[in-house]
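K.L.:
the following comprises the amino acid sequence and a computationally predicted model.
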Amino acid sequence: MTLRVGIVDTTFARVDMARYAIEELRNNDPSVVIERITVPGFKNTPWAAKQLINRGVDAVMVFGWIGPSLTDKITYAVASMGLIMLQIEYDKPIIDVTVHEDEARDERELFDIAVDRSRKHARNLILMLRGELTKWAGMGLRQGRPDVGPIIR
Amino acid sequence: MTLRVGIVDTTFARVDMARYAIEELRNNDPSVVIERITVPGFKNTPWAAKQLINRGVDAVMVFGWIGPSLTDKITYAVASMGLIMLQIEYDKPIIDVTVHEDEARDERELFDIAVDRSRKHARNLILMLRGELTKWAGMGLRQGRPDVGPIIR
Amino acid sequence: MTLRVGIVDTTFARVDMARYAIEELRNNDPSVVIERITVPGFKNTPWAAKQLINRGVDAVMVFGWIGPSLTDKITYAVASMGLIMLQIEYDKPIIDVTVHEDEARDERELFDIAVDRSRKHARNLILMLRGELTKWAGMGLRQGRPDVGPIIR
Amino acid sequence: MTLRVGIVDTTFARVDMARYAIEELRNNDPSVVIERITVPGFKNTPWAAKQLINRGVDAVMVFGWIGPSLTDKITYAVASMGLIMLQIEYDKPIIDVTVHEDEARDERELFDIAVDRSRKHARNLILMLRGELTKWAGMGLRQGRPDVGPIIR
Amino acid sequence: MTLRVGIVDTTFARVDMARYAIEELRNNDPSVVIERITVPGFKNTPWAAKQLINRGVDAVMVFGWIGPSLTDKITYAVASMGLIMLQIEYDKPIIDVTVHEDEARDERELFDIAVDRSRKHARNLILMLRGELTKWAGMGLRQGRPDVGPIIR
């Protein structure tokens, strides 16, 4: 059956993350159908995700970009709550692929995090929908950074 | 079809932001119909937005103004959660055009942020409803400040 | 038509704020009907507000009093969320008239804030229900303190 | 009519607070019926409160115990939100009788707060259900500490 | 009747906590049926828990792993809220077995906390479902650490 993935992204973001995720989705599933809505910033991503769910997508990827201030963090918290509520209400997984400006020292690092996180979460989505992630449970995987691995005793 | 936009603003705000947004909406769509409710402060904006949704608007713009204290930030978080819940429940986008007093050094800067953010988000609303924002995805647009642009590698 | 206003207050508060608000409501609308529930503290105000909505009031005023600790602020955030949810769900405005102990230097100032805020929000409620607040939109009105006014450029 | 009170408490708490509250409830209303569920920690108290509401109790008392870390405070905020939602949804008051480890200097003080708060809130519950708290509105009552009283001008 | 327990865990975690919990569940109830979903990180645990509830499990255990940053804590708060909402809505208990990286000094301690917490909460779940936790109410039990015990006066 054809996989339909919703893409929500923003004009606030400083990297076109969706592009890398879509490329990765197509590499893994050439028949994937993409539906995309772009909003100004993270606050409208729950609305956009809901519109895509209304259109019948199987899952949604949300590409957020959050500034370093307390207000920015509040925005992240509140809209994330909306994304959680949608997943519970409509039984559709939403993968949050958000970059926070305070997690990198410079623009180069932000860019690399954004691309790595977008690609890896695109693969995560496909594996999760196939129920194939359990073999990596507890393995310390990371998106945006190298994996840290499991703690060995 | 006629576009109907709801406007929610407050007597707490120190700039009549709605005025600039309405002007911008009319410049972009002369037939736009405006419905407006003014409340004392941000805490009642979800109620007002809901009343406008009940009256059949297609989208809502909320013009908030938030003080610098922790209590003010809590108010912002909590009422923002209400605005998210409304968007999910009723499938109407709500653009939050809030100015935070701690994001500027003086009144002059606050004023400029308020006007710029109001005008740009009015245009954002129209473009978003037409599905025309994707060409600016990841382009680092800002409202209230100059755009920062995409990170180029 | 007779206006019915619900009043929720607490035994935790150190000023009988409702008394000033009720006086102000009656001065502005002699036929107003008051329904009142007193609870121990702010955490039970959403329940009480809901009981008053069940009894058919047109609007609710909640008179909170919040201590200075992080735990007190959490209580404020969480119960405020409940008050927002009620307004959205039942289409009744709830005016939150809360005094925070950390917003004043001494008891005298707390008292004055409490009385001023209670009276002004009673008037706000009546004006809001009549749709007459828009003429003060963006005018920098304050409750508990003198108005700061609009920013003039 | 027989009053039925639900009791939710935890194995995490360091004082059997419910015991003092039940004693106080019985002193004030010998015919009271108690239904009790004990959970590991505060995170499961909304689930337990809901089970007691399902069994038909008139009100619930929740005896929480919260550690001093940020994570503990988050747990308190999140589960408290659940307790607020239950009160609104099912029209049953829930009295939160939580002790925070950071509100006392030593174990002796924690113990005294726990017992005082449990007893006083048991009385509050009965008075609130009878609608008899309004005479103490704004009187600065405290649970866990001596009352601070109203501000006199 | 056969007990069915849902297990939600993540590839972000650095210890395969579910393994210890499943072992413990089977030691206490050899006929227990396990349903397991692995997601990338804590943000998708409410969705996964909901899927398991849809499949008819009696209870869910969620094995989270949270980093030390403010953003990580926000993620924890928001997804925890989702887990609370599920418990209220569907009357199924969800035991949150989350390890926070900032609660230990080194990897060795994190590992020990993870294993201890997983085993003890597996036992807690079975006792809670049997209604047998009340005898330990107020006894200062801990998961991940040794019990601290009740305060004796």
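P.N.:
Yep, that arrived.

K.L.:
what residues does stretch A:123-132 touch?
P.N.:
Contact with stretch A:123-132 is made by A:3, A:5, A:24-25, A:28-29, A:58-59, A:61, A:93, A:95, A:133, A:143, E:11, E:37-40, E:44, as judged by CB atoms under 8 Å, 6 or more residues apart in numbering or on different chains. Placement of C-beta: from N, CA and C, glycine included.

K.L.:
if we go to 10 Å?
P.N.:
Residues outside stretch A:123-132 that contact it (CB atoms under 10 Å, 6 or more residues apart in numbering or on different chains): A:3, A:5, A:21, A:24-25, A:27-29, A:32, A:58-61, A:93-95, A:97, A:117, A:121, A:133-136, A:141, A:143, E:11, E:36-41, E:44, E:47-48.

K.L.:
filter those residues down to the ones close to chain C.
P.N.:
Applying CB under 10 Å from any CB of the partner chain to the contacts of stretch A:123-132, one finds that nothing falls near chain C.

K.L.:
please name the residues that touch the closest residue to residue A:37 other than its chain neighbours.
P.N.:
Counting by CB to CB, 6 or more residues apart in numbering or on different chains, residue A:37 lies nearest to residue A:48, which is 4.1 Å off, once chain neighbours are set aside. Neighbour list for residue A:48: A:6-10, A:36-39, A:60, A:62, B:87, B:93, B:128, B:133 [criterion: CB under 10 Å, 6+ apart].

K.L.:
picking up where we left off before, and the contacts of stretch A:123-132, which of them are buried?
P.N.:
Buried members of the contacts of stretch A:123-132, counted by 16 or more other CB atoms under 10 Å in any protein chain shown: A:3, A:5, A:21, A:24-25, A:29, A:32, A:58-61, A:93-95, A:97, A:117, A:121, A:133-134, A:136, A:141, A:143, E:11, E:36-41, E:44, E:47-48.

K.L.:
and the residues you listed, which of them are in strands?
P.N.:
Under the assignment DSSP state E, the buried ones among the contacts of stretch A:123-132 contribute A:5, A:59-61, A:94-95, E:36-39 to strands.

K.L.:
with pLDDT as added columns, please give the residues you listed in a markdown table.
P.N.:
As requested, these are arranged in a markdown table below (pLDDT from 0 to 100):
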| residue | pLDDT |
| --- | --- |
| A:5 | 98 |
| A:59 | 98 |
| A:60 | 98 |
| A:61 | 99 |
| A:94 | 98 |
| A:95 | 98 |
| E:36 | 98 |
| E:37 | 98 |
| E:38 | 98 |
| E:39 | 98 |
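
K.L.:
out of those residues, which is nearest to chain B?
P.N.:
Ranked by distance to chain B (CB to the nearest CB), these are led by residue A:94 at 11.9 Å.

K.L.:
quick one: the residue lying closest to that closest one once chain neighbours are set aside from residue E:45, how far?
P.N.:
In space, and not counting its chain neighbours, residue A:94 is closest to residue A:60: 4.5 Å by CB to CB, 6+ apart. Per CB to CB, to the nearest Å, residue A:60 is found 17 Å from residue E:45.

K.L.:
quick check: closest non-adjacent residue to the residue of chain A found nearest chain B.
P.N.:
Residue nearest to chain B within chain A (CB to the nearest CB): residue A:16, separated by 3.3 Å. Closest residue to residue A:16 apart from its sequence neighbours, by CB to CB, 6+ apart: residue B:138 at 3.3 Å.

K.L.:
check residue A:102 too.
P.N.:
In space, and not counting its chain neighbours, residue A:102 is closest to residue A:68: 4.2 Å by CB to CB, 6+ apart.

K.L.:
so can I have TSV of the ones in strands among the buried ones among the contacts of stretch A:123-132 showing distance to residue C:81?
P.N.:
As requested, these are exported to TSV (distance: CB to CB, whole Å):
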residue	distance to residue C:81
A:5	32
A:59	28
A:60	25
A:61	28
A:94	22
A:95	26
E:36	33
E:37	29
E:38	31
E:39	26
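
K.L.:
and of these, the nearest to chain C?
P.N.:
Nearest to chain C out of those is residue A:94 (CB to the nearest CB; 21.6 Å).

K.L.:
how about residues contacting stretch A:106-116?
P.N.:
By CB under 10 Å, 6+ apart, stretch A:106-116 touches A:13-17, A:19-21, A:24, A:63, A:65, A:97-101, A:103-104, A:142-146, B:138, B:148, B:150-153.

K.L.:
mind listing which of these are in strands?
P.N.:
The strands, defined by DSSP E, take in A:65, A:99-100 from the contacts of stretch A:106-116.

K.L.:
which ones among those come in contact with chain E?
P.N.:
With CB under 10 Å from any CB as the criterion, the ones in strands among the contacts of stretch A:106-116 include residue A:100 near chain E.

K.L.:
mind listing what residue A:33 touches?
P.N.:
A:2-6, A:25, A:56-58.

K.L.:
farthest pair in those?
P.N.:
Farthest-apart pair in the contacts of residue A:33 is A:25 and A:56; separation 16.9 Å (CB to CB).

K.L.:
near chain D, which residues of chain A?
P.N.:
Proximity of chain A to chain D (CB under 10 Å from any CB) is limited to residues residue A:81.

K.L.:
find the closest residue to chain D in chain A.
P.N.:
For chain A, CB to the nearest CB, closest residue to chain D: residue A:81, 10.0 Å.

K.L.:
and the gap between that residue and chain E?
P.N.:
Note on residue A:81: its distance to chain E, by CB to the nearest CB, to the nearest Å, is 5 Å.

K.L.:
and the pLDDT at the closest residue to that residue other than its chain neighbours?
P.N.:
The spatial neighbour of residue A:81 that comes closest, neighbours along the chain excluded (CB to CB, 6+ apart), is residue E:78 at 5.0 Å. pLDDT recorded at residue E:78 is 98.

K.L.:
helix or strand: which one has residue E:78?
P.N.:
helix E:70-90 (DSSP states H and E).

K.L.:
what's the angle from that helix to helix A:70-90?
P.N.:
Helix E:70-90 runs at 30 degrees relative to helix A:70-90, counting by axes from the mean of the first three to the mean of the last three CA atoms, to 10 degrees.

K.L.:
pull out the buried residues from helix E:70-90.
P.N.:
Residues of helix E:70-90 classed as buried: E:71-88, E:90 (neighbour count, 16+ other CB under 10 Å).

K.L.:
which residues touch the residue nearest to the spatial centre of chain A?
P.N.:
Central residue of chain A (CA atoms, centre = their mean): residue A:97, 2.7 Å from the mean position. Counting by CB under 10 Å, 6+ apart, residue A:97 touches A:7-9, A:17-18, A:20-21, A:61-65, A:114, A:117-122, A:124-125, A:143-144.

K.L.:
picking up where we left off before, what distance do you get for the residue of chain A closest to chain D to residue A:63?
P.N.:
Residue A:81 sits at a distance of 18 Å from residue A:63 (criterion: CB to CB).

K.L.:
likewise residue A:120?
P.N.:
13 Å.

K.L.:
for the closest residue to chain C within chain A, which residues are in contact?
P.N.:
In chain A, the residue found nearest to chain C is residue A:81; the distance is 10.0 Å by CB to the nearest CB. Residues near residue A:81 by CB under 10 Å, 6+ apart: A:46, B:77, B:80-81, B:84-85, D:81, E:74, E:77-79, E:81-82, E:85.

K.L.:
and stretch A:21-36, end to end?
P.N.:
Counting by CA to CA, to the nearest Å, you get 12 Å between the two ends of stretch A:21-36.

K.L.:
try stretch A:58-70
P.N.:
33 Å.

K.L.:
can you name the residues bridging to the closest residue to residue A:52 other than its chain neighbours?
P.N.:
Of all residues not flanking residue A:52 in the chain, residue A:6 sits nearest, at 3.1 Å (CB to CB, 6+ apart). For residue A:6, the beta-bridge partners under DSSP bridges are residue A:35, residue A:60.
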